[in-house]
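**Q** Dropping the sequence and predicted coords here.
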Amino acid sequence: MIDAFPVWLKAAGDQSSLIAIHAQPGASRSEIAGVHGEALKIRIQARPIEGAANTALLTFLAKRLGIPTAALELIAGETSRTKRVRIPLAANTVLARLEVPLKAG
């Protein structure tokens, strides 16, 4: 079990986790690009038009985490690059499944 989590990952009291994300829409491919300040940097291929990038972000995260997209909740940042997402998994599980690169992006 992991005792300390990266600054972008917070354990919630209800066995869920919150992650801070810096989204970069319109990228050549969707991928985790490392850390940007206090957020996990994720490049998303979709453009930020009519919520397409948010949908693509949640789909990307769900696939990486092995859970249904509907289980994720965008709790902040609908129209911003800075977002917060609630994930119904323990923080140590989220960290292990995301396989975040160690270098900042």
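**A** Happy to help now that I have it.
**Q** can you give me the helices in this protein?
**A** Assigned by DSSP state H, the chain shows helices spanning 52-65, 91-98.
**Q** Of those, which is nearest Arg43?
**A** Counting by CB to CB, Arg43 lies closest to helix 52-65 out of the helices of the chain; the figure is 9.4 Å. Every C-beta, even on glycine, is put in place using the N, C-alpha and C of the backbone.
**Q** Residues touching the closest one, excluding its own?
**A** 21, 23, 25-26, 30, 32, 42, 44-48, 68-69, 71-72, 74, 78, 83, 85, 87, 89, 94, 97-99 (CB atoms under 8 Å, 6 or more residues apart in numbering).
**Q** picking that back up, tell me which of the helices of the chain lies nearest to Trp8.
**A** Here helix 91-98 is closest among those (CB to CB), at 10.0 Å.
**Q** same for that closest one, what does it pack against?
**A** Counting by 3 or more CB pairs under 8 Å, 6 or more residues apart in numbering; DSSP states H and E, the packing neighbours recorded for helix 91-98 are strand 9-11, strand 17-25, helix 52-65.
**Q** does Ala23 have beta-bridge partners, and which?
**A** According to DSSP bridges, the partner residues bridging Ala23 are Ile42.
**Q** any weak-confidence spans in this protein?
**A** Scanning the chain for pLDDT under 70 picks out the ranges 1-3, 101-105.
**Q** Please list only the buried members of the contacts of helix 52-65.
**A** Listed as buried from the contacts of helix 52-65 are 21, 23, 25, 30, 32, 42, 44, 46, 48, 72, 74, 83, 85, 87, 89, 94, 98; burial here means 16 or more other CB atoms under 10 Å.
**Q** Okay, buried residues for stretch 45-61 please.
**A** For stretch 45-61, by 16+ other CB under 10 Å, it's Ala46, Pro48, Ala53, Asn54, Ala56, Leu57, Leu58, Phe60, Leu61.
**Q** re earlier: please identify which of the helices and strands packed on helix 91-98 is closest to Glu38.
**A** strand 17-25 (6.1 Å).
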